[in-house]
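Colleague: sequence? don't have it. structure:
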């Protein structure tokens, strides 16, 4: 903190939907951080409710009270108050912001989506702001934890004290921040290697899966990492057995098989990423992606929202990041201040939008899969746009349509290749598993078979999401939504900026 004598106050927003165990872990990580580093600038935490289930809302309220008793300043921003805050915006502006915030009625003001709920929490954070010049706004997801080895608040305070920036973001470590829809091929590679190896080892011999193998790097979990400029260095990653103490291969296999279903909630058993310490934590790099659960803005930065919440598409952070980068350039940066991402908890799997678990253990990720494809289409349409045009030209519907159509053809080719790869790997592994007589009748065999069945349900030729992606009429409808959203981006950003500033903000999208 050399040369820094003043401290920003932090207002932290944690949007949460039906996730009491996740919220507890997140709040506890903030509490432990305060105990360890004692940041002097002060902070207030806003738990922005988006739950549908009353018992979960009650549990979230109880957690707020519990951590208030521990000394944290925590506020529960409940659904009725959110609706009232929304209604306090003048009707004309509120109508124009319907896609940025929400148009859901009071009786169904839940599960509005991460973007809408996050943007509504901005309004609450503004209410709590006493000094706009000395406040930072920290957006965090409930399924993330602050790492104990990082003094986040002091580091972020120093970064904003000593640099002319409006938005800072950090990556995530732990579970991948992407959908299982784009991880199945490489996951099947790793599963296949592990199962073949453990099948050749004596079941009762000491576990051999505690090796010091290379850790996955950036985007190692992504089947199409090359789209983001990352090159895969290895064909597979080894399974690192989490068991401690003396145990054999039977126990190792049972643990592995028992966690396979968690893949459909976004957990990748072999390609979790780890924090790589960097002595220059406050060193900054140009950013192009917002990590929606790990970014910080000053008052000016509140203008740069994550848009298009009404579409419910994935990849909203990367898409927003490209648009914001085009507008403010070097004032949008990243630092090596990642958060730990944990899709599941010890208590239960938790709610995850777009994932449904059926009574017969069948997993359905079709909603998330569909939103992933069209989220990719929107993201890479924006990337392609900026190769030829700028923000001020974004109102050109004819050019936009041409760009989206071109990118659609590219995305279809990529997804078809991935579809073929996933199903080829699945069929080969199914045939091999059936031949493993030594596993007959074991719970592990049942769980492995169930996992492969769910891969087929979600990635096979008859999978609902795959049928939607192949449907020209469905794609046409989604493309119209994407083009329309991009056409209105600058206008909606202008209305939002005026709402935040309390007046007219003409410095929007370079206009």
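Modeller: Looks like it came in fine. The structure presented is a predicted model; accordingly, all values stated were derived computationally and were not measured. Numbering: from 1, shown residues only.
Colleague: switch to C-alpha atoms for all contacts and neighbour counts from now on
Modeller: Will do.
Colleague: all strands of the chain, in order?
Modeller: Applying DSSP state E to the chain gives strands spanning 9-16, 43-49, 74-77, 135-140, 144-145, 167-169, 172-174, 285-286, 294-297, 332-334, 339-341, 356-357, 363-364.
Colleague: any idea of the mean pLDDT in stretch 203-222?
Modeller: Averaged over stretch 203-222, pLDDT sits at 88.
Colleague: tell me which residues of that stretch are tucked away?
Modeller: The neighbour-count check on stretch 203-222 (16 or more other C-alpha atoms under 10 Å) flags 203, 207, 209, 216-222 as buried.
Colleague: Out of those residues, list just those in helices.
Modeller: Among the buried residues of stretch 203-222, no residue falls in helices (DSSP state H).
Colleague: Just give me the closest of those residues to residue 58.
Modeller: Nearest to residue 58, judged by C-alpha to C-alpha, of those is residue 221 at 35.9 Å.
Colleague: That closest one contacts residue 185, doesn't it?
Modeller: No: Residue 221 is beyond contact range of residue 185, at 9.5 Å (criterion: C-alpha atoms under 8 Å).
Colleague: Can you give me the distance of the residue most central in space within the chain to residue 44?
Modeller: In the chain, the C-alpha nearest the mean C-alpha coordinate belongs to residue 177, at 4.6 Å (C-alpha atoms, centre = their mean). Residue 177 sits 26 Å away from residue 44, going by C-alpha to C-alpha, to the nearest Å.
Colleague: repeat for residue 108
Modeller: According to C-alpha to C-alpha, residue 108 stands 28 Å off from residue 44.
Colleague: between the two, who's got more neighbours?
Modeller: Neighbour totals were compared for residue 108 and residue 44, and residue 44 leads with 18 against 10 (other C-alpha atoms under 10 Å).
Colleague: Let me see the contact set for that one.
Modeller: By C-alpha atoms under 8 Å, 6 or more residues apart in numbering, residue 44 lies in contact with 10-12, 72-75.
Colleague: Next: residue 301.
Modeller: For residue 301, the contact set (C-alpha under 8 Å, 6+ apart) comprises 166-167.
Colleague: Contacts for stretch 418-427, please.
Modeller: Contact with stretch 418-427 is made by 184-185, 188-189, 223, 452, 455-456, 459-460, as judged by C-alpha under 8 Å, 6+ apart.
Colleague: among those, who's most crowded?
Modeller: Comparing those by number of neighbours (other C-alpha under 10 Å), residue 184 comes first, having 27 neighbours.
Colleague: so it makes contact with residue 223?
Modeller: Yes: the criterion here is C-alpha under 8 Å, and residue 184 meets it with residue 223 at 7.3 Å.
Colleague: count of residues packed around residue 273?
Modeller: The local packing of residue 273 (other C-alpha under 10 Å) involves 21 other residues.
Colleague: Tell me how far it lies from residue 492.
Modeller: 36 Å.
Colleague: again, but for residue 26
Modeller: Taking C-alpha to C-alpha as the measure, residue 26 falls 32 Å from residue 492.
Colleague: Could I get the pLDDT score of the nearest residue to residue 64 once chain neighbours are set aside?
Modeller: Once flanking residues are discounted, residue 64 sits nearest to residue 74: 5.9 Å by C-alpha to C-alpha, 6 or more residues apart in numbering. pLDDT for residue 74: 98.
Colleague: Then residue 128?
Modeller: pLDDT recorded at residue 128 is 96.
Colleague: what's the burial count for it?
Modeller: Applying other C-alpha under 10 Å, we find 13 residues neighbouring residue 128.
Colleague: Could you do residue 368 as well?
Modeller: The number of residues packed near residue 368 is 21, by other C-alpha under 10 Å.
Colleague: The one 3 residues further on now?
Modeller: The criterion is other C-alpha under 10 Å. On that basis, residue 371 has 23 neighbouring residues.
Colleague: picking that back up, could you dump the buried residues of stretch 203-222 to CSV with distance to residue 390?
Modeller: As requested, the buried residues of stretch 203-222 are arranged in CSV below (distance: C-alpha to C-alpha, whole Å):
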residue, distance to residue 390
203, 61
207, 56
209, 51
216, 35
217, 32
218, 29
219, 28
220, 31
221, 32
222, 29
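Colleague: Go through those residues and say which is closest to residue 240.
Modeller: Nearest to residue 240 out of the buried residues of stretch 203-222 is residue 209 (C-alpha to C-alpha; 5.7 Å).
Colleague: max-length helix in this structure?
Modeller: The chain, longest helix under DSSP H: helix 397-434.
Colleague: List the buried residues in it.
Modeller: For helix 397-434, a neighbour-count test (16+ other C-alpha under 10 Å) marks 400-401, 403-405, 407-408, 411, 415, 418-419, 421-423, 425-426, 429, 433 as buried.
Colleague: wait, what's in contact with the residue nearest to residue 64?
Modeller: By C-alpha under 8 Å, 6+ apart, the contact set of residue 74 is 44-47, 64-65, 67-68.
Colleague: And the residues you listed, which two are furthest apart?
Modeller: Across those, no pair lies farther apart than 44 and 65, at 13.6 Å, counting by C-alpha to C-alpha.
Colleague: Deepest in the core, which of the strands of the chain is it.
Modeller: Scoring these by mean neighbour count under mean count of other C-alpha atoms under 10 Å gives strand 167-169 as the most buried, with a mean of 27.
Colleague: Return the distance of that strand from the chain's centre.
Modeller: Relative to the centre of its chain, strand 167-169 is centred 16 Å away, using C-alpha atoms, centre = their mean, to the nearest Å.
Colleague: next one: stretch 126-139
Modeller: Centre-to-centre, stretch 126-139 and its host chain are 24 Å apart (C-alpha atoms, centre = their mean).
Colleague: Give me the contacts around it.
Modeller: 7-14, 118, 125, 292-299.
Colleague: and if you look at stretch 306-318?
Modeller: With C-alpha under 8 Å, 6+ apart as the criterion, stretch 306-318 contacts 99-102, 113-116, 119, 288-292, 320, 368, 371-372, 374-376, 379, 481, 485, 489.
Colleague: and if we set it to 7 Å?
Modeller: Identification of contacts with stretch 306-318 by C-alpha atoms under 7 Å, 6 or more residues apart in numbering yields 99-100, 113, 115-116, 288-292, 320, 371-372, 374-376, 379, 485.
Colleague: Could you do stretch 198-212 as well?
Modeller: Residues outside stretch 198-212 that contact it (C-alpha under 7 Å, 6+ apart): 239-241, 247-250, 252.
Colleague: so which of these comes closest to residue 267?
Modeller: Distances from residue 267 to those, taken as C-alpha to C-alpha, are shortest for residue 239 (13.1 Å).
Colleague: how near is the closest residue to residue 299 other than its chain neighbours to residue 226?
Modeller: Nearest residue to residue 299, sequence neighbours excluded (C-alpha to C-alpha, 6+ apart): residue 132, at 5.9 Å. With distances taken as C-alpha to C-alpha, residue 132 is found 41 Å from residue 226.
Colleague: before we move on, what about residue 142?
Modeller: 29 Å.
Colleague: And those two? Which one has more around it.
Modeller: Comparing residue 142 with residue 226 by other C-alpha under 10 Å, the one with more neighbours is residue 142, at 25 against 11.
Colleague: mind listing the helices in the stretch 151-300 of the chain by residue range?
Modeller: Assigned by DSSP state H, counting those that start in this stretch, the stretch 151-300 of the chain shows helices spanning 152-162, 184-199, 249-258.
Colleague: and residue 424, how far is that from residue 224?
Modeller: Applying C-alpha to C-alpha, the value for residue 424 to residue 224 is 17 Å.
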